[in-house]
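S.K.: Just need the structure, nothing else, for what follows:
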Amino acid sequence: MFEGGGYGVGVTVDVLAVAPWPDALPDGVTARPTRLGEMMPVAARTDAEIAGELQRIQQVEARLAAYTAELVAELASRRPAPWTGRRANRAPPRPTGSPAPGTSRRPR
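M.R.: Prediction:
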């Protein structure tokens, strides 16, 4: 039985060898990952342990966010830039029509 302390949230790198789910589960078994709160009940922790765990979770989330950004940037760099309908070295077309509000001249 978990009695607080000693266990906490962390991130590690590990070899992934995922076994396939069985076709049929025994009665009463739910096919879902175990919740961390089921493995490490929060009620069993002291205030200091809860504060420490919250700090570790923030650190883990920050690391995951940074890694997510790196993955997205790398994936984006492997894709061509979208076609905008004009050459990249040309200035955008100038607006036509009435002058901008508060000005007396029309753009050239």
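S.K.: Tell me which helix or strand in the chain has the weakest average pLDDT.
M.R.: When the helices and strands of the chain are scored by mean pLDDT, DSSP states H and E, helix 36-39 comes last with a mean of 82.
S.K.: Point out where this protein drops to low pLDDT.
M.R.: 1-5, 7, 9, 13, 16, 21-22, 86-108 (pLDDT under 70).
S.K.: count of residues packed around residue 45?
M.R.: For residue 45, the neighbour count with other C-beta atoms under 10 Å is 19. Using the backbone N, CA and C atoms, a C-beta is placed for each residue, glycine as well.
S.K.: what about residue 53, how many residues close to it?
M.R.: 19.
S.K.: Let me know whether it touches residue 45 as I believe.
M.R.: Yes - using C-beta atoms under 8 Å, residue 53 is in contact with residue 45, at 6.9 Å.
S.K.: Do you have the helices of this structure handy? List them.
M.R.: All helices of the chain, identified by DSSP state H, fall at 36-39, 47-77.
S.K.: And these: which comes nearest residue 10?
M.R.: The closest of the helices of the chain to residue 10 is helix 47-77. By C-beta to C-beta, the value is 6.8 Å.
S.K.: Just the C-alpha atoms of the least confident helix or strand of the chain, please, in CSV.
M.R.: C-alpha atoms of helix 36-39 as CSV (Å, rounded to 0.1, in the frame of the first residue of the first chain):
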residue,chain,number,x,y,z
LEU,A,36,-1.4,8.1,-11.4
GLY,A,37,-3.7,8.9,-8.5
GLU,A,38,-4.7,5.3,-8.3
MET,A,39,-1.0,4.3,-8.0
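S.K.: Distance to residue 25 added to the helices of the chain, as CSV?
M.R.: As requested, the helices of the chain are exported to CSV (distance: least, C-beta to C-beta, whole Å):
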stretch, distance to residue 25
helix 36-39, 17
helix 47-77, 30
